[in-house]
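S.K.: Requesting a structural model of the entry that follows:
(chains A and B)
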Amino acid sequence: MLLDNGLLLGLVVLVPFIAAALIPALGKLAPKAVAWFAVLAALILAGLVALLVPDIFLDNVAPIGMGDGIEYNWIPDAGITFGFHIDPLALTLAVIASFIGMLAVIYSVKYMEGKKGLPRYYSLVLLFIGSMVCLVFTNNLLVLYIFWEIIGLCSYALIGFYNEDPKAAKAGIKAFVFTRIGDIGLLLGIFILYLGAGTFNIQDIIANPPTMEYLGPAAFLFILGAMGKSAQVPLHVWLPDAMEAPTTISALIHAATLVNSGIYILARMSPVFFDIPGWGTMLLFIGGLTALLAAVMACAEPDLKKLLAYSTISQLGYMVFALGIIVNEPDIGLVQIGILAATFHLFSHAIFKALLFLGAGSVIHSVGTRDMREMGGLKDTMKITHWTMLFGALALAGIVPFSGFWSKDLIFAGAWEADMWFPLFVVVLTAVLTVAYSLRMYWLVFQGKPRNNAHTHESPGAMTLPLVILAVGAVASWALIGVFSGAMHAPVYGFDGAESYDIPGFLEHTFTSSAVLLSFLAMGLGLLIFIARRNYLLRKPRTFLLKLAAKGFHFDTFYNGVLCRLRIMAKGLRHTQTGDANMNAVGIAAAFLLAFIFIFIWGVF
Amino acid sequence: MELSDVQINMLASLVLLFLGLYCVISKKNLVKIIVGIEIMAKGALLSFIASGGANIQSVVIIAIGIDAIIAAVALSIIVNAWKHTKSLDVTKLTKLRG
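M.R.: Numbering: from 1, shown residues only, chains lettered A, B, ... in the order given. Just a heads-up that it's a prediction; the model follows:
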């Protein structure tokens, strides 16, 4: 340990925020240095977070922050203290956020070169990464909610970063409004838990959970909050539109920060909620439905980035699904066996999805369009991008040695052990479609003949270096399962359902479980579908299902209809706004008088 | 009937409050409306002072400070309104009409 824990955590909290505050000033003084300053700050943050890794993952010490007095008393009377609780779950998320964030910042140096408003961009990116790290490290629900809001704000501002483009501005607002529905749910859930438990401290709530009348509604509201941030059906519509953002931001949102926060809060709070009847089933069905619908939509999507967005929604569906795998062990009672699979899939997903998005950015940078129908034949001109994207696509599809296979198989194995046949069928069907659309994406972009006249070229080193690093991760990250599951299994952290595997044990568990047959079945069927349809990839969708999927199953039409009705209803109320300041003052005085009279009568009776 | 000091102060603050309210409701000039708001605020301050209490001095001083900030912001809004419309008439500022 180089640094004292208190100092280290203080630096982790302060570095990104101070850097984010300094960047606008630096933008005035030395505009050229902004990007490198941001890279430096991101590197420092990643290094500081990495310093925590040995303690938690190798030595399995007690959760940092629990009982060692490292906390900042903000409003102690109301129980609002900024304390820490760092366990494998939190640290995994923080490592993902800081490292993938760092790679995205390095990649931005070239990708965003010469764009307008760069200080704003880097400042918001650092704020984004820093808030995500603080969100997972804190042990206080109210503080968590504050950072939850900050990442919502950053996602809004960054999705609409090209604010002169009305489409981008609208996409930002849409993301903000839809995640807001979830945010309100989460805030209400936090207050209901507070009413029941009398504290905002997550560990105290886990130790003394409130009674069921508080837990039930709170659990539902927490799921709503996670649905908003993690883009679960039916609140997923903002994520495909968020593709108007710069590609680095898409990578940040999809792999490192925003969408993981919903999964995090479900995983973090699941020890409180998992014995509520219906909690597991609800997660299984939300997750399964999301995974399946998004996979179907991805099969019909011509836009490269939107296809990746749908694949993210689908993979997030897997994680929510895995969190819902709860079995009733005869001696112990309910055990949440899916938590290891969910966090492990989150980990491998973060790596290969960041890889795919940054690769897509490299492709778009070179070709100048996002439409896959106008790409093709890039495998010769963009060698590094081609190979790394291929690795990413295979990891997404879950082909054998790549990381997606292992974590997805862990989810199948969990569902198999729990005898959940119908949900299992849904996710296996999703896996089949995942193989089909990943290969479709790869084929349309890199194979075949070029379908446009753009002069394509390989991207510069600052862009390919992160790609290569992430590609290595997409092949090899599963080998960390030993360290990872060992830490999750360690009793000090209290994840009862997490098994511990060493690497040979994990291989044995994977290949001897019957679920591996399902994985191979999914690979085979997906490959067959792809080969059967290979010659029709450019054709417009003809079947009813694909046509519907290309329209996003009309979720947008539905929301639009609701909003139109609301607007018509609101039109009648508009006449009460006279726009006359004097009349408004009369209104204020009248309301005050009414309140006064009300209180007076109340006092008399 | 003999009025105590507290009651006199309270009555005065009530008078100030209604004076300010009348000013805000009836005047068309933006500056006069701000003057009305300030009068109302002073009425509220007077009632604070009248009610007494141990720490009322610090509360009132902070309230006066906030009051000054409100006046400054409001006046800057007026300056901008003047730049846009070349008039100080509130009846011309009806962009928020439904």
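
S.K.: quick one: secondary structure of A:V34?
M.R.: Three-state assignment for A:V34 (DSSP: H, G, I helix; E, B strand; the rest coil): helix.

S.K.: hang on, it packs against A:P24?
M.R.: No - at 9.1 Å, A:V34 does not count as touching A:P24 under the criterion of CB atoms under 8 Å. Placement of C-beta: from N, CA and C, glycine included.

S.K.: Return every residue with contacts to both of these two.
M.R.: Applying CB atoms under 8 Å, 6 or more residues apart in numbering or on different chains, one finds that A:V34 and A:P24 are jointly contacted by A:P119.

S.K.: neighbour-wise, which of the two wins?
M.R.: Taking neighbours as other CB atoms under 10 Å in any protein chain shown, A:V34 and A:P24 compare with A:V34 leading, 23 against 13.

S.K.: separation between the more buried one and A:F99?
M.R.: With distances taken as CB to CB, to the nearest Å, A:V34 is found 21 Å from A:F99.

S.K.: and if you look at A:L45?
M.R.: 9 Å.

S.K.: got it, and A:L424?
M.R.: Counting by CB to CB, the gap from A:L424 to A:F99 is 33 Å.

S.K.: residues in contact with A:V367?
M.R.: Residues in contact with A:V367 (CB under 8 Å, 6+ apart) are A:E374, A:M375, A:L378, A:N452, A:A454, A:T456.

S.K.: same for chain B: which of these are within range?
M.R.: With the criterion set as CB under 8 Å from any CB of the partner chain, no member of the contacts of A:V367 is near chain B.

S.K.: From these, pick the one nearest chain B.
M.R.: Using CB to the nearest CB, A:E374 comes nearest to chain B of these, at 45.1 Å.

S.K.: Apart from its neighbours in sequence, what residue is nearest that closest one?
M.R.: Nearest residue to A:E374, sequence neighbours excluded (CB to CB, 6 or more residues apart in numbering or on different chains): A:N452, at 4.6 Å.

S.K.: For chain A, what lies in contact range of chain B?
M.R.: So chain A meets chain B at A:573-582, A:585-586, A:589 (CB under 8 Å from any CB).

S.K.: Check the burial of residue 8 by counting its neighbours.
M.R.: Defaulting to chain A. Neighbourhood size, A:L8 [other CB under 10 Å]: 18.

S.K.: not quite, I wanted chain B
M.R.: When neighbours are defined as other CB under 10 Å, B:I8 has 11 of them.

S.K.: Report how many residues lie close to A:A62.
M.R.: Around A:A62 there are 14 residues (other CB under 10 Å).

S.K.: same question, A:R574
M.R.: Around A:R574 there are 9 other residues, counting by other CB under 10 Å.

S.K.: Next: A:V237.
M.R.: 20.

S.K.: before we move on, what about A:V49?
M.R.: Residues contacting A:V49 under the criterion other CB under 10 Å number 23.

S.K.: Provide a list of residues in contact with it.
M.R.: Going by CB under 8 Å, 6+ apart, the list of residues near A:V49 reads A:V12, A:L91, A:A94, A:V95, A:S98, A:F99, A:V133.

S.K.: how about a cut-off of 10 Å?
M.R.: Applying CB atoms under 10 Å, 6 or more residues apart in numbering or on different chains, we find A:V49 in contact with A:8, A:12, A:86, A:91, A:94-99, A:102, A:129, A:133, A:137.

S.K.: how about the helices in the stretch 201-350 of chain A?
M.R.: For the stretch 201-350 of chain A, helices defined by DSSP state H, counting those that start in this stretch occupy the ranges A:202-207, A:212-229, A:238-241, A:247-251, A:258-273, A:279-299, A:304-323, A:339-367.

S.K.: now A:I223, nearest residue through space, not along the chain?
M.R.: A:I223 sits nearest to A:M282 (CB to CB, 6+ apart), 6.3 Å away.

S.K.: For the residue positioned nearest the centre of chain A, which non-adjacent residue is closest in space?
M.R.: Residue closest to the mean C-alpha point of chain A, counted by CA atoms, centre = their mean, is A:V259 at 1.7 Å. Excluding the flanking residues, the one nearest A:V259 by CB to CB, 6+ apart is A:S230, at 5.1 Å.

S.K.: any idea how far the one you found is from A:A21?
M.R.: The value you get for A:S230 to A:A21, if CB to CB is used, is 29 Å.

S.K.: neighbour-wise, which of those two wins?
M.R.: A:S230 (30 against 12).

S.K.: wait, that one sits on A:L186?
M.R.: No - taking CB atoms under 10 Å as the definition, A:S230 is not a contact partner of A:L186, at 11.6 Å.

S.K.: which residues are in contact with both of the two?
M.R.: The contact sets of A:S230 and A:L186 overlap at A:T179, A:S261, A:G262, A:I265 (CB under 10 Å, 6+ apart).

S.K.: For the longest helix along chain B, which helices and strands make contact with it?
M.R.: Criterion DSSP state H: the longest helix present in chain B is helix B:56-85. Helices and strands touching helix B:56-85, by 3 or more CB pairs under 10 Å, 6 or more residues apart in numbering or on different chains; DSSP states H and E, are helix B:30-51.

S.K.: The helix it packs on vs helix B:56-85, what angle?
M.R.: 170 degrees (axes from the mean of the first three to the mean of the last three CA atoms, to 10 degrees).

S.K.: Against which helices or strands is helix B:30-51 packed?
M.R.: If contacts are counted by 3+ CB pairs under 10 Å, 6+ apart, helix B:30-51 sits against helix A:581-604, helix B:5-26, helix B:56-85.

S.K.: Deepest in the core, which of these is it.
M.R.: Most buried of the helices and strands packed on helix B:30-51 by mean neighbour count (mean count of other CB atoms under 10 Å in any protein chain shown) is helix B:5-26; its value is a mean of 16.

S.K.: Appreciated, that's everything.
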